[in-house]
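1. Sequence first, then the predicted structure:
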Amino acid sequence: MLLSYFRKIDAYSGIRMFALAIVALALTGIDASLQWERLLLATVLGAAWLFLSWTVMRDRWVVRGTLFRYLIFLVLAVYWSGELYLTDLLFFTLFFELNWHLIELHRRKPNTLYVLHSGTLTAIAGLWSPDEVFSVIAPAVVLTWLVSGGIKFKTLLQWALAFAVPAALLNGIGKVVWTLTLFSGANIPILWWILPLLLAVFALFEWLQSYRKANQTNKSRATVAGFWLVLGAAAAIFGSVAGGVLFFLGLSYHLTNGLRYLKNERLANLIVAALVIFILCSYFNLIPW
């Protein structure tokens, strides 16, 4: 019953997603009475993500005609905001997904502008998190280019130039002080990672099972999401916030495929309901970490 509202696209799908996003934002804002600026920023970033993911990036969020990825992402967003800032999740989600969008556009119809936009966008991300640009953010974008973009040596040089020029400019005007610090660090209880890692085991199993059934485009996307899952997990263990977002995005993609291929609908509903209940209990500290 629960998943039936997200299994098929219809005239009310956009309204359902908007309502679910409002509920998720309300939940994460309940204890934000002293952080109204972050709540306002989360609202703006969330609106931008919802609009772009429903328009220009829709084909990656509406996976095989279902809205499961939206549902999973919003549930994970509530879990994320129990320990980390929701604004970080939304900003890096927009950043990585926009880069992925540019890369897929370039793969379909090569255009130097897509490469330059990607490199510039990656440099500008340093305004948000300068400590993680060289350790996680830029390597993740380059890896996505290598896996999905059909990148050539010339393309790599163009991307490096588009990244280096604004990065040097930002450093020159004092807006960003580039450091070689590995990660800024996020103090997350180790037990908090148990649920995401358990979900990751299911996601990796699904990746291996469904890869052979996919067409070329979906194979490329599954590979990107799989690398995001692995790379993000490795970075998040060492305290990288951007790595954690990368991990959650890869997780949302492959859990979506897992739900899509799960034949027992009653079992799928029970799993999602149990997941939602656990996350809400965790968020409101009913489960001590």
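-> Received it, and whenever you're ready, just let me know what you need.
2. in this protein, what spans have low per-residue confidence?
-> 1, 30-34, 149, 174-186, 210, 213-214, 288-289 (pLDDT under 70).
3. Grab the most central residue of it for me.
-> By Cα atoms, centre = their mean, the chain has its centre lying nearest to Leu249, at 3.1 Å.
4. That residue: what secondary structure?
-> Classification of Leu249 using DSSP: H, G, I helix; E, B strand; the rest coil returns helix.
5. for it, what are its contacts?
-> 73, 93, 96-97, 225, 228, 232 (Cβ atoms under 8 Å, 6 or more residues apart in numbering). Quick note: C-beta positions are derived from backbone N, CA and C, even for glycine.
6. Apply 6 Å and report the result again.
-> Trp228 (Cβ atoms under 6 Å, 6 or more residues apart in numbering).
7. Likewise for Leu90?
-> Contacts of Leu90 (Cβ under 6 Å, 6+ apart): 45-46, 49.
8. how about those residues in CSV, adding secondary structure, distance to Phe238 and neighbour count?
-> Formatted as CSV, those follow (DSSP: H, G, I helix; E, B strand; the rest coil; distance: Cβ to Cβ, whole Å; neighbours: other Cβ atoms under 10 Å):
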residue, secondary structure, distance to Phe238, neighbour count
Leu45, helix, 25, 19
Gly46, helix, 28, 23
Trp49, helix, 26, 22
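9. now Tyr12: how far from Trp49?
-> 20 Å (Cβ to Cβ, to the nearest Å).
10. element containing the closest residue in space to Ile279 that isn't next to it in sequence?
-> Leaving aside its chain neighbours, Ile279 sits nearest to Tyr79 (4.5 Å; criterion: Cβ to Cβ, 6 or more residues apart in numbering). For Tyr79, the host element (DSSP states H and E) is helix 68-80.
11. what do you get for Gly244?
-> helix 241-261.
12. Return the set of buried residues in that helix.
-> 241-260 (16 or more other Cβ atoms under 10 Å).
13. what about the next helix or strand after that helix, distance to the chain center?
-> Per DSSP H and E, helix 241-261 leads on to helix 265-283 as the next helix or strand towards the C-terminus. Computed by Cα atoms, centre = their mean, to the nearest Å, the chain-centroid distance of helix 265-283 equals 21 Å.
14. for helix 265-283, packing partners?
-> helix 68-80 (3 or more Cβ pairs under 6 Å, 6 or more residues apart in numbering; DSSP states H and E).
15. circling back to that earlier point, quick one: contacts of the helix holding Tyr79?
-> Under Cβ under 6 Å, 6+ apart, the answer for helix 68-80 is 6, 17, 20, 24, 27, 61, 63, 89, 248, 252, 255-256, 259, 276, 279, 283.
16. try stretch 136-156
-> Counting by Cβ under 6 Å, 6+ apart, 99-100, 103, 106-107, 115, 122, 125, 220, 223-224, 227, 235, 240, 242-243, 246 sit against stretch 136-156.
17. got the end-to-end distance for it?
-> End-to-end distance of stretch 136-156 (Cα to Cα, to the nearest Å): 17 Å.
18. Now the closest residue to Arg7 other than its chain neighbours, what are its backbone angles?
-> Leaving aside its sequence neighbours, Arg7 sits nearest to Thr66 (Cβ to Cβ, 6+ apart; 5.3 Å). Dihedral angles of Thr66 (phi, psi; degrees, to the nearest 10) stand at phi -120, psi 160.
19. roughly how far apart are Thr66 and Leu246?
-> From Thr66 to Leu246 the distance is 23 Å (Cβ to Cβ).
20. ditto for Phe202
-> 18 Å.
21. same thing with Ile271?
-> If you go by Cβ to Cβ, the gap between Ile271 and Leu246 works out to 24 Å.
22. Check Arg107 too.
-> 20 Å.
23. try Leu45
-> Distance from Leu45 to Leu246, by Cβ to Cβ: 17 Å.
24. what does Lys154 give?
-> Counting by Cβ to Cβ - Lys154 and Leu246 are separated by 27 Å.
25. How about Phe91?
-> 13 Å.
26. Likewise for Arg69?
-> The value you get for Arg69 to Leu246, if Cβ to Cβ is used, is 15 Å.
27. Same question for Asp131.
-> From Asp131 to Leu246 the distance is 15 Å (Cβ to Cβ).
28. Ramachandran angles for the closest residue to Phe6 other than its chain neighbours?
-> Leaving aside its chain neighbours, Phe6 sits nearest to Leu67 (4.0 Å; criterion: Cβ to Cβ, 6+ apart). Backbone torsions of Leu67, given as degrees, to the nearest 10, read phi -100, psi 20.
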